[in-house]
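J.: quick one: sequence plus predicted model below, questions after.
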Amino acid sequence: MRNRRKSKPDIAYFFKEGISGIRLHGLMSFAAVTVIAACLLIISTFALVAYNIDVLIDGLASQNEIAVFVDETLSREEAQALADSLASVPNVSSVTFIPKEEAFENYLDMLGEDAYVMEDLREDNPLRDEYRVVMTDVARHDETVEAIKEVTGVAATNSEKEISDRLIQMKNIVNAVSYALMALLGAVSVFIISNTVRLAMFARREEISIMKMVGATDGFIRAPFVIEGAVLGLLSGVFAFLAEWGVYDYIATKLVESSGIFDMVAFAAVWKGLLPVMIGVGVVIGILGSVLTIRKFLKV
Amino acid sequence: MIELQDVYKVYDGSTRALNGVSLKIEDGEFVFVVGPSGSGKSTLIKLLAAELTPSEGKVIVNGFDVGQIKRRDIPYLRRTIGVVYQDFRLIDNKTVYENVAFVMRAVGAPARIIKKRVPYVLELVGLKNKSRRLPHQLSGGEQQRVAIARALVNNPDVIIADEPTGNLDPMRSVELMTLLEKINGLGTTVLVVTHERELVNQLEKRVIAIERGVVISDRTGGYYLDEK
């Protein structure tokens, strides 16, 4: 059993060979990186949308205020008289009356520059008198809302919790789509890496067969190709991250902030978590794609 | 040391390539294995390199049992033998030096050893001044010597040459045999597989003749028996 020395891994050699494989098939490598980066971009966009909804839901769920709308057939005096009944509902800590004129002004303020479209309605205010009811315990939200609705003269209630329930439904849909996309695009990415590495191996098939004949271990033969796949995956991850940065900032500034509906989490707050995950996923896809290809190749 | 004990090799359940071959080659021997095409010579080489496993019987190569060997141990068996292929199998876009150096790298030899060993082996086969050429810039005989240098560079116990003179003219064939004898003189076992009678008859070596998968003759100073 002479010569049975352990092969010393020559990392520099593996990298040199791996990188040369990428350069040898520059166009193919470029195409692979582009497609995988696009896949990662789509997946990460969905993940970030889901994350933003999550943050929104958390924020909304902690709001302890309920808007209570007064039936418009009631006179102002009757409406104001409701305050006592509302205050006596269990779990209600405070009650504030907002006449419909004030509510209208608040609404105009919220619209800002666009307020002029509503200006004509000032004389014919479509809003109702309302109460801002604050709860002691947010957890008892549902029963409190039910009790308030029992009070005579209450037309409707609206709370952030109800919005958040709708958002949770939406998030579940986004999540389901995200997982489906992850599986599909992940498989596409692995397949693309696998094809790229297959090309590199095919170009080297003579070298590989000679290496096998002179007693190179499978691990030694495999290493440059695994590195090639990993580098392609890493590049894809980095490019996808940069693209996501642009896309996210665009959505956050242009679409969301200007419409004033809700705030998105700033990219500066998420990138530290996002970058390692995207690079990590890219590298894993790269390694998986090449290992699956090589296994077939080495068996021959 | 190479030893075959009553070895059978059957392909696809019916084609019998080897039909009960037993032979033993000691370290340091120079042996011809001769026989017509289809006699089982190629199967024999593939068994020795663990590209195939025997259907029956035992094949021992430098302490490795080919029939029992684990997949991960095959590389270590192959490091003990150097095969010179009939078609040389050089890498076209690598220089002579690189073609030889890369098989040392493939078994994990350190760079400083490679730098010393490759020029030594190229000098041994007489190609020291052509180390920067590409294979297609060399003659057939020179290409073959690159293939020999490559088989030799990892210092194997056995060199196996498969039809080494197939692509050479008679002059070059004699030169080649001289080189193989020189290598044998340095202590390496040499196994030459051929079907050329002139070559075998010129050298008084041990000749193992195979026909239809069986050894029909095995004697030192023997001659090629191509006629009954």
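T.: Thanks, I have the structure now. Numbering: from 1, shown residues only, chains lettered A, B, ... in the order given.

J.: tell me the buried residues in stretch A:122-131?
T.: Residues of stretch A:122-131 classed as buried under the neighbour-count rule (16 or more other Cβ atoms under 10 Å in any protein chain shown) are A:127-131. C-beta here means a position set from N, CA and C on the backbone, and glycine is covered the same way.

J.: just the CA trace of that stretch, in CSV.
T.: Output of stretch A:122-131 as CSV, limited to C-alpha atoms (Å, rounded to 0.1, in the frame of the first residue of the first chain):
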residue,chain,number,x,y,z
ARG,A,122,-67.5,71.2,2.7
GLU,A,123,-71.1,72.3,2.6
ASP,A,124,-72.4,68.8,2.2
ASN,A,125,-70.1,66.9,4.6
PRO,A,126,-70.4,63.2,3.8
LEU,A,127,-68.7,62.2,7.1
ARG,A,128,-70.3,61.2,10.3
ASP,A,129,-69.7,62.3,13.9
GLU,A,130,-67.3,59.8,15.5
TYR,A,131,-65.7,58.8,18.7
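
J.: pLDDT on it, on average?
T.: Averaged across stretch A:122-131, the pLDDT comes to 82.

J.: roughly how far is that stretch from the heart of the chain?
T.: 38 Å (Cα atoms, centre = their mean, to the nearest Å).

J.: same deal with stretch B:24-42?
T.: On Cα atoms, centre = their mean, the centre of stretch B:24-42 falls 9 Å from the chain's centre.

J.: how about stretch A:25-38?
T.: On Cα atoms, centre = their mean, the centre of stretch A:25-38 falls 24 Å from that of its chain.

J.: and stretch A:284-291, by the same measure?
T.: The answer for stretch A:284-291 is 24 Å, by Cα atoms, centre = their mean.

J.: name the residues that touch that stretch?
T.: The contact list for stretch A:284-291 (Cβ atoms under 8 Å, 6 or more residues apart in numbering or on different chains) reads A:36, A:186, A:189-194, A:196-197, A:222, A:225-226, A:228-234, A:236.

J.: and for stretch A:192-204?
T.: So stretch A:192-204 is in contact with A:21-22, A:24-25, A:28-29, A:32, A:35-36, A:208, A:225, A:228-229, A:232-233, A:285-286, A:288-290, A:292-294, A:297, going by Cβ under 8 Å, 6+ apart.

J.: which helix or which strand is home to the closest residue to residue A:197 other than its chain neighbours?
T.: Distances taken as Cβ to Cβ, 6 or more residues apart in numbering or on different chains place residue A:290 nearest to residue A:197, at 4.2 Å, with adjacent residues excluded. In the assignment (DSSP states H and E), residue A:290 maps to helix A:267-299.

J.: spit out the contact partners of the closest residue to residue B:133 other than its chain neighbours.
T.: In this structure, residue B:133 finds its nearest non-sequential neighbour in residue B:96, 5.4 Å apart by Cβ to Cβ, 6+ apart. Counting by Cβ under 8 Å, 6+ apart, residue B:96 makes contact with B:122, B:127, B:130-135, B:138, B:146.

J.: before we move on, which element is residue B:59 in?
T.: Judged by DSSP H and E, residue B:59 forms part of strand B:56-61.

J.: mind listing what's buried along that strand?
T.: B:57, B:59-61.

J.: show the average pLDDT along that strand.
T.: 95.

J.: try stretch B:32-50
T.: 90.

J.: most centrally placed residue in the chain?
T.: I went with chain A, as the question did not name one. Geometric centre of chain A, nearest residue: residue A:48, 1.8 Å, by Cα atoms, centre = their mean.

J.: please refer instead to chain B.
T.: Closest-to-mean residue, chain B, Cα atoms, centre = their mean: residue B:160 / 1.2 Å.

J.: quick one: least confident helix or strand in chain A?
T.: Here the helix or strand of chain A ranked lowest by mean pLDDT, DSSP states H and E is helix A:258-259, holding a mean of 65.

J.: which non-adjacent residue is nearest residue 52?
T.: Using chain A here. residue A:264 (5.3 Å).

J.: wait, I meant chain B there
T.: residue B:46 (4.5 Å).

J.: chain center to whatever helix or strand the one you found lives in: distance?
T.: For residue B:46, the host element (DSSP H and E) is helix B:41-48. Distance of helix B:41-48 from the chain centroid (Cα atoms, centre = their mean) equals 10 Å.

J.: name the residues of whichever strand or helix holds residue A:237 that are buried.
T.: Assigned by DSSP H and E, residue A:237 belongs to helix A:218-250. Across helix A:218-250, burial judged by 16+ other Cβ under 10 Å covers A:218, A:220-241, A:243-244, A:248.

J.: now narrow these to whatever sits close to chain B.
T.: Contacts with chain B within these, counted by Cβ under 8 Å from any Cβ of the partner chain: A:218, A:220-221.

J.: going along the chain, name the strands of the chain.
T.: I'll assume chain A. Along chain A, the stretches classed as strands by DSSP state E are A:65-70, A:92-98, A:130-135, A:154-159.

J.: was after chain B, sorry
T.: Under DSSP E, chain B gives strands at B:2-11, B:15-25, B:30-34, B:56-61, B:64-65, B:81-84, B:158-162, B:189-194, B:206-211, B:214-220.

J.: got the contact list for residue A:155?
T.: By Cβ under 8 Å, 6+ apart, the neighbours of residue A:155 are A:69-72, A:128.

J.: neighbour-wise, which of those residues leads?
T.: residue A:70 (24 neighbours; other Cβ atoms under 10 Å in any protein chain shown).
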